[in-house]
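Asker: sharing a sequence plus its predicted fold:
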Amino acid sequence: MHQVSDASPALQRAWRQRGALACLLWPLSLLMGLLVRLRRGLYAARILPSGHPGVPVIVVGNVVAGGAGKTPVVMAVVRHLQARGWRPGVVSRGYGRSSTDCRAVLPDSPPSAAGDEPLLIARQCKVPVFVASQRLEAAQALRQSHPDIDIIVCDDGLQHLALARNIEVCVFNNDGVGNGWLLPAGPLREPWPRPVDLVVHAGTAPKGGRAPCFAMQRSLAPTAVRADGSQVPLHQLQTQPLLALAGIARPRDFFALLQQSGLEPQRTLALPDHYDYDSWQRPSDKPYTLICTEKDAAKLWRLHPDALAVPLQVEIAPGFFEALDAKLAALGSLSSRS
C-alpha cells in the first residue's frame, strides 16, 4: 500500500489559489506588505546599516516561502565559478541548526551545529562555507579566514538586506508566485515583481519583472549513495521494499522524482523541513530499504548508515551562466547594491 504523510499540505494548497482560507488571511498580508516596504525603505535611506565584504557577492534566494530549489542552484553557480577560475566561498544562515554563532562548516561538522544545507555544500563543492545568523558576519569571517576567496555566494538571503550584494538570482519552483499574495494569505515573502538580476525557474516563468528568465530542469542521479561512498544503480532497487523519507520543504517533489526514475516506494514519509531524525524510529514491520535526499542523509546516516541518498541533478539553461558571466564582467570596480 502506498502511504503518504505530509507536513503542511493545507496551507500550501491555500497558497495556490485565492480561496476561502487565503481570503480570510488576506488582511494580515496587507500588514506584511507595509512592514516589508518600511524595512526596505529604512535600508534605502541608510537608517538601517548594510555592509559589503569587499569582493563580489552573488545572492541566490527566492521571494516565496518554502523550498524553491535554492541550494542546488547555489551549488551549480559555485561549480561554474570554479570552472571559470574564481575562488568562491559560501555563506548561509544555516537554518535549522541548534547554534546561532558564526562558524566555519567543515565536511565532518555535525549537522545540528552547521545546518544540513551548508554541510551539503561544503561536502559536495569543497569550498569554504561559513554560517551565522547575520550573513554579513559570516562573509567577513569567511574573508578573514580565507583571504584568497575572490567571490562570495550567499545561499538564501534575498531579504537579508544587511548584506550588500552585486548580483541577485531569484529562484522559483513549479508553483511560481502561487496566488500572488503575501504571507500568510499567499506564499510571497515580499511583493513580486521586484528588481533582481536573473531568474531561474522550474515550470512556467513567473509573470512580471524585467530580469531575464532561465528554465531549470530537476532530475535524480541514476545511482544512490551509501554513507561509505558505495553506489547502487536505481534500477537495482525496483524490486526492493522501499521507504522513501524526505525532511525538505516540498517532500512530494522528491517522491515524484523517484517515480519518474522508475521507483515505486511501498511507503513514503514526508517530514518537516530540516528534520533531525534523532527521534525517528525505523519501522519494524518490514525490512525496508531507506531512500532519501542528500540533505536528509547528512542527518540520517548518523543512525542509519545503510540508508541510500539519491543526489538531485539540476540542469539550468546555458544562457543563465552566460548572463551571469556578463554581469560579473560588467562589475568592473566593486559597486554594491544596498
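Answerer: All right, it came through fine.
Asker: show me the contacts for Cys213.
Answerer: 199-201, 205-206 (Cβ atoms under 8 Å, 6 or more residues apart in numbering). Where you see a C-beta, it was placed from the backbone N, CA and C, and this is true even at glycine.
Asker: do you know how far Leu38 is from Ile47?
Answerer: Look at Leu38 and Ile47: by Cβ to Cβ, to the nearest Å, they are 10 Å apart.
Asker: name the residues of the top strand by length along the chain that are buried.
Answerer: Identified as the longest strand of the chain according to DSSP state E is strand 213-220. Residues of strand 213-220 classed as buried: 213-216, 218, 220 (neighbour count, 16 or more other Cβ atoms under 10 Å).
Asker: average model confidence for it?
Answerer: Strand 213-220 shows a mean pLDDT of 96.
Asker: repeat for stretch 148-156
Answerer: 97.
Asker: after the longest strand of the chain, which helix or strand is next?
Answerer: strand 223-225 (DSSP states H and E).
Asker: tell me the helices and strands packed up against that following strand.
Answerer: Judged by 3 or more Cβ pairs under 8 Å, 6 or more residues apart in numbering; DSSP states H and E, the packing partners of strand 223-225 are strand 231-233, strand 308-310.
Asker: mind putting those into CSV with mean neighbour count?
Answerer: CSV is the format used below for these (neighbours: other Cβ atoms under 10 Å):
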stretch, mean neighbour count
strand 231-233, 13
strand 308-310, 24
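Asker: give me the element the residue of the chain most remote from its centre is part of.
Answerer: Relative to the centre of the chain, and counting by Cα atoms, centre = their mean, the farthest-placed residue is Asp285 at 34.2 Å. Here Asp285 sits in a region with no helix or strand, counting by DSSP H and E.
Asker: repeat that for the one 10 residues further on.
Answerer: Counting by DSSP H and E, the secondary-structure element that holds Lys295 is helix 294-300.
Asker: and that helix, what does it pack onto?
Answerer: Partner elements for helix 294-300 (3+ Cβ pairs under 8 Å, 6+ apart): helix 111-114, helix 116-125, strand 242-246, strand 308-310.
Asker: these: which one's closest to Pro88?
Answerer: Closest to Pro88 of the helices and strands packed on helix 294-300 is helix 116-125 (Cβ to Cβ; 8.2 Å).
Asker: need the helices for the protein, in chain order.
Answerer: 9-14, 20-44, 70-83, 111-114, 116-125, 135-145, 251-260, 294-300, 318-331 (DSSP state H).
Asker: for Val55, which of those is the nearest?
Answerer: Nearest of those to Val55, taken as Cβ to Cβ: helix 135-145 at 6.9 Å.
Asker: with only the CA atoms kept, save that closest one in PDB.
Answerer: Extracted in PDB, the C-alpha atoms of helix 135-145 (Å, rounded to 0.1, in the frame of the first residue of the first chain):
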ATOM      1  CA  ARG A 135      25.200  36.800   6.800                       C
ATOM      2  CA  LEU A 136      27.400  39.900   6.800                       C
ATOM      3  CA  GLU A 137      29.200  38.500   9.800                       C
ATOM      4  CA  ALA A 138      29.600  35.100   8.000                       C
ATOM      5  CA  ALA A 139      31.000  36.900   4.900                       C
ATOM      6  CA  GLN A 140      33.500  38.900   7.000                       C
ATOM      7  CA  ALA A 141      34.600  35.800   8.900                       C
ATOM      8  CA  LEU A 142      35.000  33.900   5.600                       C
ATOM      9  CA  ARG A 143      37.200  36.500   4.100                       C
ATOM     10  CA  GLN A 144      39.300  36.800   7.300                       C
ATOM     11  CA  SER A 145      39.900  33.000   7.400                       C
END
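Asker: which other residues reach it?
Answerer: Taking Cβ under 8 Å, 6+ apart as the rule, helix 135-145 contacts 50-51, 53-55, 57, 89, 91-93, 102, 104, 128, 130-132, 149, 152, 154, 157, 160, 162-163.
Asker: quick one: buried residues of that helix?
Answerer: Using 16+ other Cβ under 10 Å as the test for burial, helix 135-145 gives 135-143.
Asker: tell me the angle that helix makes with helix 116-125.
Answerer: 30 degrees (axes from the mean of the first three to the mean of the last three Cα atoms, to 10 degrees).
Asker: for helix 135-145, what is the average pLDDT?
Answerer: The average pLDDT for helix 135-145 rounds to 98.
Asker: now swap in stretch 302-314 and tell me
Answerer: Mean predicted lDDT for stretch 302-314 stands at 95.
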